[in-house]
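[1] task: produce atomic coordinates for the following.
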Amino acid sequence: MARSLIIIDLIGDCLRPLPLGVTDRVIAATNDLVALFRQRGLPVIWVRQEFAPDLSDALLEMRKHGIHASIAGTEGAAFDPRLAVDPGDPMIVKKRYSAFFRTGLDDLLANQGTDEIVLAGVNTHACIRTAAIDAYQRDLEVILATDCLASYDEEHARVSLAYMDGKIARVMSNSEIAG
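    Have a look, this model is predicted:
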C-alpha cells in the first residue's frame, strides 16, 4: 500500500481554542509522525484553511456572523512554527471543512499512487471527520492518528472517532502506525 500523511489545520486560529497542553502534545506527536514518514520516504502533505479578509470565500456561518478567522497573511492562517514543515512538502489551501473539497488533493494523491492516508490535525469532529469520510468515499483506506488529533469539543470528537472507527477508518496511535 502507498501511504501518505495528511496534516490538517494545525494553524494559529484552529489551535488557539484547544485546552491547555493539548496543542503541545499534538505538535510533538505530529512531528514524530512526520519524522517517521520522512524516514520511510513517504509523502507528507500539509493542509490549512485560509480565507480572504473580506470573507468572500469563507464559510456561510463566517459570512453571516462576520467571523474573521484563518485570514490570509495572518498568523491565524499559518502553520504553528514548531511544526516540522519542509518547504518541499505539498501544501493545500482549503476553503471548507474537507481537504478534498475544490482542492488539488485528489490529483496529488493519484499522482503519488496513494491508496491509504493517515490523517492528523484538528478539529476531529469537523475537518478531520469530513476529510475521512470524503477519503472513504474515494475508496482510500483511512487511518486516524489519535496521538495527532484534537478538538475544542472533546465530546463531539469522542463520538466522531467512535462513529468512524472500524467503518470509515482505523483509529491508531503513532506506535501502532509505526508498527
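[2] dump the residue contacts of residue 150.
    Each residue near residue 150 by Cβ atoms under 8 Å, 6 or more residues apart in numbering is listed here: 18, 22, 23, 25, 26, 122, 123, 124, 157. The C-beta positions use only the backbone N, C-alpha and C, and glycine is treated the same way.
[3] can you check residue 165 too?
    Counting by Cβ under 8 Å, 6+ apart, residue 165 touches 144, 171.
[4] and residue 125, by the same measure?
    Going by Cβ under 8 Å, 6+ apart, the list of residues near residue 125 reads 151, 153, 156, 157, 159, 160.
[5] measure the fifth one to residue 98 for me?
    With the distance defined as Cβ to Cβ, to the nearest Å, residue 159 ends up 19 Å from residue 98.
[6] tell me which of these two has more neighbours.
    Neighbours per residue (other Cβ atoms under 10 Å) separate residue 159 from residue 98, with residue 98 holding more: 22 against 14.
[7] find the nearest non-adjacent residue to the more buried one, please.
    residue 130 (4.2 Å; Cβ to Cβ, 6 or more residues apart in numbering).
[8] longest strand of this protein?
    Secondary structure assigned by DSSP state E gives strand 141-150 as the longest strand of the chain.
[9] then the residue nearest to residue 98 would be within a helix, right?
    Yes - judged by DSSP: H, G, I helix; E, B strand; the rest coil, residue 130 forms part of a helix.
[10] tally of neighbours for it?
    20.
[11] any idea how far it is from residue 1?
    Going from residue 130 to residue 1 by Cβ to Cβ gives 23 Å.
[12] kindly report the same for residue 45.
    Per Cβ to Cβ, residue 45 is found 16 Å from residue 1.
[13] thank you kindly, that will do.
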